[in-house]
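K.L.:
need a 3D model of the following:
(chains A and B)
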Amino acid sequence: MASSLPITNPPLVCWNCHERTVGTHFCSSCGKVLQVAEHSDYFAMFEMPRKLWVEMTALEKKFLQLSWKLHPDNFMNATAEEREISLKRSSELNDAYRTLKDPVARVEYLLAIEGARKEGQTKQQAPPELLEEVFELNESLDELREAKSSGADTGSLKRRLEAAETNFEGKLREVDGELQNAAREWDKAIDESADPTQRKTLMSKLNELLNRRSYIRNLVVNVQKELL
Amino acid sequence: MGRIVGIDLGTTNSLVAYLDAQTGQPKCIPGPSGSTLCPSVVSLDPDGSIIVGEPARRRLLTQPERTIYSVKRLMGRGPADVQSELKLFPFRIDPSSGHVIRVQLGDKVFTPPEISSFILRELKNWAEAYFGEIVDRAVITVPAYFNDPQRQATKDAGKLAGLEVLRLVNEPTAAALAYGLHEEQRGKVAVYDLGGGTFDISILKLISTSDGDIYQVLSTNGDTHLGGDDIDNLLQAFVHEQILRTDKIDFSPHGELAQELRKELIALKHKLSEVDSVTLRFPLPNRKVFIHEFTRGALEALIHPVVDRTMVPVKQALADAHLKPAEVDEVVLVGGATRTPLIRRTVQEYFDRKPHTELNPDEVVALGAAVQANILANGVQNMLLLDVTPLSLGIETYGGAVAKVIPRNSTIPASAQELYTTGVDNQTGIDIHVLQGERELAKDCRSLARFTLRVPPAPAGLPRIEVKLLIDANGILQVSAKDLRTGTEHSIEVQPSYGLNDSDIERMLEESIEYAEQDFAERQAIEARTEAESILTATEKALANPNAANLAAPERAKIDLCVAALKEATQGSDYKQIRRQIDELNQATEHLAELLMNSALQSALEGKRLAEV
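P.N.:
Residues are numbered from 1 along each chain as shown, chains lettered A, B, ... in the order given. The predicted model follows:
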């Protein structure tokens, strides 16, 4: 599988032997564990291209292999400095694995390191096509809260909300499907060495899908909380 | 370097174990009595010496006010946290404790880590007697669901006992290590660990790789205040109520009689795991004997709520591991309380699998700790443990909400970075509040640390401070901050909001207060000396004035005496003494001042007169 994006680890000077090193986790000249770089890249840690489809078995295998070498247990008799460096690297390995194994966190991370993740206003706003349903949902939630506090019968309200929950869970699956498709498009663009403009378009699409997903997820969580 | 051991610092019993080099198997070390169990009981002898273990346990009956058990329940907690415990346990907390709990034993007070350190020291002695060598390093186990301050307090206890704590290992994980070595298990394993005071459930994945075996914890959950103690409390409350009704005797809950009854009930509880019915015969102070027949069924009805409570974390842990009960390959029971038939039955039914009980449930955690101790002493060879943090780590955000930065069940070590800037021009500090827990509001989570990031004055939004939170392999938080504009790194001393039970830290605090007092005294002395100097100069000048000759001889002598005394006082650093001498001299020179004043007035008037002329 050809990838036009190089797997980049920022060049580093080894803290121990002061040589410039090309290793990923260990110095290529003295073999000591390397300090965590300023702008490290989780994909590069696993020697993977910045693509969104990840083969989970391979990811796990690589994680376990690296854990053998990087876990703090390996550095109990090392100097305080090396222990400190290995602790940071080991935690970064775990952070990277945690992020990359989760499909949504993976997209968020990719956009973040590509400088394309925009949260904030767009995230809080209801997607236009959902406005009406969200409005109804919020009304039902208010009614349920009122009914709860006044001790009124909540049976029919709860049924209405349960239906709404099912509806929004369906929409969540839809977004997840769209997100998957967009991820596939991204990977294809990487494989085909697509130009920056096309990549930018894909990223803003992914970004918008993430915001929509997070919005709908919050709705579902809120409804679930009220129905508990 | 001395020997290394694994220690299970339990609520009820503690044990010490090592890895036998010959057999490659872990082994528990017996104490002087031949038993490997050291009751986690500490007593302060009237002669001032500390008594630990079985002899201390006997003193629960004879000297309850000098003796403490279940101190683990107090580890890493503040006085406000333990109010509910105080109703159930005979802890005598020093009312002047402040934010650090101090337990009263006789006429002395101790922090919970100090009391735990006495237990650790006892086990250290056992091991040193056994090896005939120094023991200076240990792996100590903690409940998987222990939070940061509880872990920190345990580490402090180790330090106070003269042990370098190489690692804190979660109890269910340690048990899995011991079982793995014993059984060569593979696949997904659930460890159900009900100890004296804590409950843990951990789901692990045992993976064989070409490098060796990996024990990967997928999820953990629990309750750090749920255990065999709770069963004992239920039994005790039940019998107290019976006796109150039939004999009108109201037990003072923590007196000697209550301790005696508790001891009987624990024995009865143990017997009911073997036989179907036991009759309690308990002599009362009114010379009657309380008789009650307990059946296993009645006991089970009584303790059902406790067993049910354990199933809530079990379900959560499975959900977090994305597993159904049937997908678990093996179930392991750990902790003395799992000898209870009701618990065995409940767990077996839920997982539809006969649980493993081959290893002694009291010893298995210590054995696993010894395995991990050996790994740390000799380097990773063919076994690696990947554990998780039991609770989410969060930072308080606007409006008292919590933003989770490291989710629970993240493999440790784990870290998270947050970027901060200022909101107003020339703001010099940013307040950060780190919390642990699953709730959404800061007030419902455990506060771990509060600190203020110092920022050089700059326009709002310009400073960029990156705060890095790192949970180490012990499950303990480390915080550092970096100014991204200058690249300067600051390590931040994280002072837990409670649980500051380390006597060293306390001593440092006390010293800092003493120092503060010293600084104050020094400043006062400097001010007093300056004032003394100006008064001495003024007096000298006045005495040189011709009008001073009008002073009576004794007056003059008194002034000279006071000048000498003040001069002497300024040589010292006692500001109060300087002030006193200043006052004396002021009094002695009152007449002199008057004389000078009058003559000055006269000459002024004369002058005026002259001028008028």
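
K.L.:
the residue nearest to A:L137 when sequence neighbours are not counted: what's it in contact with?
P.N.:
Nearest in space to A:L137, with sequence neighbours left out and distances taken as CB to CB, 6 or more residues apart in numbering or on different chains, is A:A164 at 5.1 Å. For glycine as for every other residue, the C-beta is placed from the backbone atoms N, C-alpha and C. A:A164 makes contact with A:133, A:136-137, A:140, A:223, according to CB atoms under 8 Å, 6 or more residues apart in numbering or on different chains.

K.L.:
so which strand or helix has residue 144?
P.N.:
Went with chain A since none was named. Secondary-structure assignment from DSSP states H and E places A:L144 in helix A:131-150.

K.L.:
on the C-terminal side of that helix, identify the next helix or strand.
P.N.:
Note on helix A:131-150: by DSSP H and E, the next helix or strand toward the C-terminus is helix A:155-191.

K.L.:
any idea whether B:A21 is helix, strand or coil?
P.N.:
coil (DSSP: H, G, I helix; E, B strand; the rest coil).

K.L.:
just to revisit the earlier point, may I see the buried residues of the helix holding A:L144?
P.N.:
A:134, A:137, A:140-141, A:143-144, A:147 (16 or more other CB atoms under 10 Å in any protein chain shown).

K.L.:
which residues in chain A form strands?
P.N.:
Listed in chain order, the strands of chain A (DSSP state E) span A:12-13, A:20-21.

K.L.:
the first one and chain B, any residue contact?
P.N.:
No: Strand A:12-13 does not reach chain B (CB under 8 Å from any CB of the partner chain); its nearest approach is 15.4 Å.

K.L.:
for the residue of the stretch 301-450 of chain B found nearest chain A, what are its contacts?
P.N.:
Relative to chain A, the nearest point of the stretch 301-450 of chain B is B:P413 (3.7 Å; CB to the nearest CB). The neighbours of B:P413, taking CB under 8 Å, 6+ apart as the test, are A:72, A:87, A:90-91, A:94, B:470-473.

K.L.:
and it, what's its pLDDT?
P.N.:
For B:P413, the pLDDT comes out at 95.

K.L.:
show me the helices in the stretch 401-550 of chain B, by range?
P.N.:
Ranges of helices within the stretch 401-550 of chain B are B:503-544, based on DSSP state H, counting those that start in this stretch.

K.L.:
where do the strands of it begin and end?
P.N.:
With DSSP state E, counting those that start in this stretch as the criterion, the stretch 401-550 of chain B has strands at B:402-406, B:414-420, B:429-436, B:446-454, B:465-471, B:477-483, B:489-492.

K.L.:
winner for burial among those?
P.N.:
Of all these, strand B:465-471 has the most neighbours on average by mean count of other CB atoms under 10 Å in any protein chain shown, namely a mean of 21.

K.L.:
A:R213 contacts A:D176, doesn't it?
P.N.:
Yes: using CB atoms under 8 Å, A:R213 is in contact with A:D176, at 7.1 Å.

K.L.:
now name the helix or strand holding the nearest residue to B:T67 once chain neighbours are set aside.
P.N.:
Nearest non-adjacent residue to B:T67, counting by CB to CB, 6+ apart: B:S43, 4.0 Å away. Assigned by DSSP H and E, B:S43 belongs to strand B:41-44.

K.L.:
what packs against that strand?
P.N.:
If contacts are counted by 3 or more CB pairs under 8 Å, 6 or more residues apart in numbering or on different chains; DSSP states H and E, strand B:41-44 sits against strand B:50-52, helix B:54-62, strand B:67-69, strand B:103-105, helix B:112-131.

K.L.:
pick the most buried one from the strands of chain A.
P.N.:
Of the strands of chain A, strand A:20-21 is the most buried (mean count of other CB under 10 Å), at a mean of 17.

K.L.:
helices or strands up against it?
P.N.:
Other helices and strands packing on strand A:20-21, by 3+ CB pairs under 8 Å, 6+ apart, are strand A:12-13.

K.L.:
residues near the residue of the stretch 101-250 of chain B found nearest chain A, how many?
P.N.:
Residue nearest to chain A within the stretch 101-250 of chain B: B:D211 (4.7 Å; CB to the nearest CB). Using other CB atoms under 10 Å in any protein chain shown, B:D211 has 16 other residues around it.

K.L.:
residues touching it, list them.
P.N.:
Contacts for B:D211 (CB under 8 Å, 6+ apart) come out as A:64-65, A:68, B:382, B:384.

K.L.:
so what's B:L280 bridging to?
P.N.:
Note on B:L280: beta-bridge partners by DSSP bridges are B:H292.

K.L.:
and it, what is it in contact with?
P.N.:
Taking CB under 8 Å, 6+ apart, we find B:L280 in contact with B:239, B:264-265, B:268, B:290-294.

K.L.:
contact partners for the residue of the stretch 451-600 of chain B found nearest chain A?
P.N.:
Nearest residue of the stretch 451-600 of chain B to chain A: B:A473, at 4.6 Å (CB to the nearest CB). Counting by CB under 8 Å, 6+ apart, B:A473 touches A:71-73, A:87, A:90, B:167, B:387, B:412-413.
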